[in-house]
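Participant: Got a predicted structure here, sequence first:
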Amino acid sequence: MTSVRAIVVDPRAAGGFGVTDVDAPRPGPGEALVQVEATSLNRGDLLAAQQADAGWRPGHDVAGIVVTAAADGTGPKAGSRVVGLLDAGAWSEQVAVATGRLAHIPDVVSFAEASTLPTAGLTAQRALEKGGLLLGKRVLITGSTGGVGLFAHQLARSSGAFVVGTSRRARDEAVVRALGADEVAVGEDLSAARSHGPYHLIVESLGGVALARAMAWLVPGGTCVTLGWSASPEVSFDLREFLAVGGGSLYGLRMYNELRNRPATDDLGLLSQMVARQQLRIPIEAEGTWDDIGDIAQRLLDRQFTGKAVLHLGR
C-alpha cells in the first residue's frame, strides 16, 4: 500500500477538515503498523487544528488491528486487537505506533470504546495518581463533563474517594452524579465547590479563576493537578491564600512528558480490562465515519454533548 486515506486540516472544507490520500506509514523498528478501526476526538485535537497549517494531520487516539508487528520483536503480534496513542495523525486508515504506546484490547471491548481511552483515560489516571492513596479522601474534579472528567470521576470513585464534580449548567448535574460524583457544584464560577472541601486532590482543567480559587481549597500538603485551560490560560491568584494551605503543591501535567517516564502499555491495558469488567463506563454520544468529521468536530467544540465522540474508520 503506497497511500492511505487520512483526515487533514483543510480550511476550504466544511468544518475545516478534509479527507485525502497521504503516504502510507513506514514503521520504525520499535513500531507496529496498525489498521485503524476507530478513533476518538478530543477538544485538544480540534483546538490544535485551528492553529495548524493546511495539510496537518490531527488526532491522538487509535484502536484497530496490528497489520505488521514491530521489527524489533516488541509489542503485539500481527492480528492483535489493540489500542494506542500517537503524537499526531491518528485520523488515518493506517498508522505506525510505538509499541510502548500499544496495549491489547479484550474481545468484549469494542474498537469504539477502546479508542476513547488513550488521551482522556490516561490523563485522568495519571492525574489521580498524583494524589496517592485516595481511599476516604476528598477529590474535586473541574471540567466534569469533558473527556478527562468522564473518566476521572469513575476512577476516583472506584478508588474510594469522596468525589465532588462541577457543572456550569444545572441540566448536566445528573450526568456528573451518574459518573460517580457524591456532590456537584453548579455554576459558572465554581464557588459552590468550596463548601464541600478542603480537598486532598484537585484535578483542574479550566484554568483562569477556577484554578486560582482551587489552589486555596487544598488540605495542608494537598495537590492541585492542572492539565488544561478550557476557560483561560491566564491565572492570577492570591499567594497569601495558597501559602496559608501549608505544603500545598501545584503539578502541571502534560501527557507526553508523563510517557517519557513510564510507557502507556500497562495503563492502557488496565483501563481496557476495567471496561471489559464493566468497572469503567464509556458514554459515547456522537459517532460517525469519514464524511462526518466536520459536523462532529463542530458539535464537540460547541459543547453540544457531554460524552465522547468517535469516528469509525474501518473499511
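Facilitator: Sure thing, it's come through.
Participant: Who does the helix or strand harbouring Thr39 pair with, and is each partner parallel or antiparallel?
Facilitator: Assigned by DSSP states H and E, Thr39 belongs to strand 31-41. Its sheet considered, strand 31-41 pairs with strand 61-68 (antiparallel), strand 94-98 (antiparallel), strand 308-312 (antiparallel) by DSSP bridges.
Participant: what about it, distance to the chain center?
Facilitator: Distance, stretch centre to chain centre, for strand 31-41: 16 Å (Cα atoms, centre = their mean, to the nearest Å).
Participant: Which of the residues in the helix or strand just after that strand are classified as buried?
Facilitator: Next along the chain after strand 31-41, taking DSSP H and E as the criterion, comes helix 43-51. Of the residues in helix 43-51, Arg43, Gly44, Asp45, Leu46, Ala48, Ala49 count as buried by neighbour count, 16 or more other Cβ atoms under 10 Å. In this view, the C-beta of every residue, glycine as well, is placed from N, C-alpha and C.
Participant: And for the spatially most central residue of the chain, nearest residue in space, chain neighbours not counted?
Facilitator: Central residue of the chain (Cα atoms, centre = their mean): Ala120, 1.4 Å from the mean position. In space, and not counting its chain neighbours, Ala120 is closest to Gly147: 3.5 Å by Cβ to Cβ, 6 or more residues apart in numbering.
Participant: Please list all residues in contact with the residue nearest to the centre of the chain.
Facilitator: For Ala120, the contact set (Cβ atoms under 8 Å, 6 or more residues apart in numbering) comprises Ser40, Asn42, Gly146, Gly147, Val148, Leu150, Phe151, Lys308.
Participant: would you list the residues you listed in CSV and tack on pLDDT?
Facilitator: As requested, those are exported to CSV (pLDDT from 0 to 100):
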residue, pLDDT
Ser40, 97
Asn42, 93
Gly146, 87
Gly147, 89
Val148, 93
Leu150, 91
Phe151, 96
Lys308, 94
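Participant: rewinding a little: between the strands paired with strand 31-41, which one is closest to Ala178.
Facilitator: For the strands paired with strand 31-41, the distance to Ala178 is smallest for strand 308-312, at 14.7 Å, taking Cβ to Cβ.
Participant: circling back: can you redo the strands paired with strand 31-41 as JSON lines with mean neighbour count?
Facilitator: Putting the strands paired with strand 31-41 into JSON lines (neighbours: other Cβ atoms under 10 Å) gives the following:
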{"stretch": "strand 61-68", "mean neighbour count": "24"}
{"stretch": "strand 94-98", "mean neighbour count": "23"}
{"stretch": "strand 308-312", "mean neighbour count": "24"}
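Participant: which stretch among the ones you listed comes nearest His200?
Facilitator: For His200, the closest of the strands paired with strand 31-41 is strand 308-312, at 27.6 Å, according to Cβ to Cβ.
Participant: Identify all contacting residues around the closest one.
Facilitator: Residues external to strand 308-312 that are found in contact with it (Cβ under 8 Å, 6+ apart): 37-41, 91, 111-112, 115-116, 120, 147, 150, 282-290, 292-293, 296, 299-300.
Participant: Just the buried ones from these?
Facilitator: For the contacts of strand 308-312, buried by 16+ other Cβ under 10 Å: 37-41, 91, 111-112, 115-116, 120, 147, 150, 282, 284, 286, 288, 292-293, 296, 299-300.
Participant: quick one: contacts for the residue nearest to Ala120?
Facilitator: Ser40, Asn42, Arg43, Thr116, Thr119, Ala120, Lys308.
Participant: For the protein, which segments are assigned as helices?
Facilitator: 43-51, 111-115, 122-129, 147-158, 173-178, 208-214, 239-245, 255-261, 265-276, 293-301 (DSSP state H).
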